[in-house]
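> task: produce atomic coordinates for the following.
(one chain, ligands or ions: 2)
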Amino acid sequence: MIEYTKELNLLVRPAVEKTYKRLDEENRGYLMGGKMQTVEIMEETLESESNEIALYFAMSRKAEEEGFTEIAQYLKEIAMDEAWHAAEFAMLLGKIKDTASNLETMLEDEIKTEKEKEEAAKVAISEGNDNAFRVFTWSMYGERNHKEGIKKALSKLREKVKSKTTHH
Ligand SMILES: [Fe+2]
Ligand SMILES: [Fe+2]
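Residues are numbered from 1 along each chain as shown. Ligands and ions are numbered 1, 2, ... in the order given. Prediction:
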């Protein structure tokens, strides 16, 4: 068994090393040429995975309305899978920092999106789109709650850090 593995190793290693060398040269080529193909694809993937989360959640609700409880549950599970795929790419792309920084980033984001939803609701009502007005308004309150919640989380986190540093 050991002999066999050794032989196989000898047989396979040159091919593997050759492949690694080629990949390495190609990667260097991308970097030198400023071609960040992988990063671009990851950005696009993050977008498409994020879209899928929304679609699967909406489809799950539809399935529930139509009485397909099990399918609804499964679609929700897929939505969560897509969320984790998206999360992995967000991490790979360096969008995730330490918790304090993350909360600060998202606090700004929630403040911005709350205002954007308010503006969007105004546009919707002026165009007579009552359903869009309703959903923009509903999600505006959601963003407001997120904003307040993140503020609380941030001050809790800062208190904790403070008490840690003053104890020493
Ligand atoms: Fe996915
Ligand atoms: Fe939000």
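> off-centre distance for stretch 137-146?
Relative to the centre of its chain, stretch 137-146 is centred 20 Å away, using CA atoms, centre = their mean, to the nearest Å.
> for this protein, which residues are neighbours of ligand 2?
Applying CB under 5 Å from the ion, one finds that the chain approaches ligand 2 through Glu143, His146. Backbone N, C-alpha and C define where each C-beta goes, glycine included.
> interface residues of the chain facing ligand 1?
Selection of the chain residues close to ligand 1 by CB under 5 Å from the ion yields Glu49, Glu82, His85.
> which residues in this structure form strands?
Taking DSSP state E as the test, none of the chain falls into strands.
> please name the nearest non-neighbouring residue to the closest residue to ligand 2 within the chain.
Closest contact between the chain and ligand 2, by CB to the ion, is at His146 (3.8 Å). Leaving aside its sequence neighbours, His146 sits nearest to Glu110 (CB to CB, 6 or more residues apart in numbering; 4.6 Å).
> what count of nearby residues applies to the one you found?
Neighbour count for Glu110, taken as other CB atoms under 10 Å: 20.
> and it, what's its pLDDT?
Glu110 is assigned a pLDDT of 98 by the prediction.
> same check on Thr5?
As predicted, Thr5 sits at a pLDDT of 54.
> care to break this structure down by domain?
9-96, 97-168 (automatic domain parsing).
> looking at these, which has the lowest confidence?
It's domain 9-96: among the domains of the chain, that one has the lowest mean pLDDT, namely a mean of 85.
> OK, contacts around the residue of the chain found nearest ligand 1?
Among the residues of the chain, His85 lies closest to ligand 1, at 3.8 Å counting by CB to the ion. With contact set as CB atoms under 8 Å, 6 or more residues apart in numbering, His85 has these partners: Thr45, Glu49.
> now with 10 Å?
Thr45, Leu46, Ser48, Glu49, Ser50, Glu52, Ile53 (CB atoms under 10 Å, 6 or more residues apart in numbering).
> also Met140?
Contact analysis of Met140 by CB under 10 Å, 6+ apart lists Thr113, Glu114, Lys115, Glu116, Lys117, Glu118, Glu119, Ala120, Ala121.
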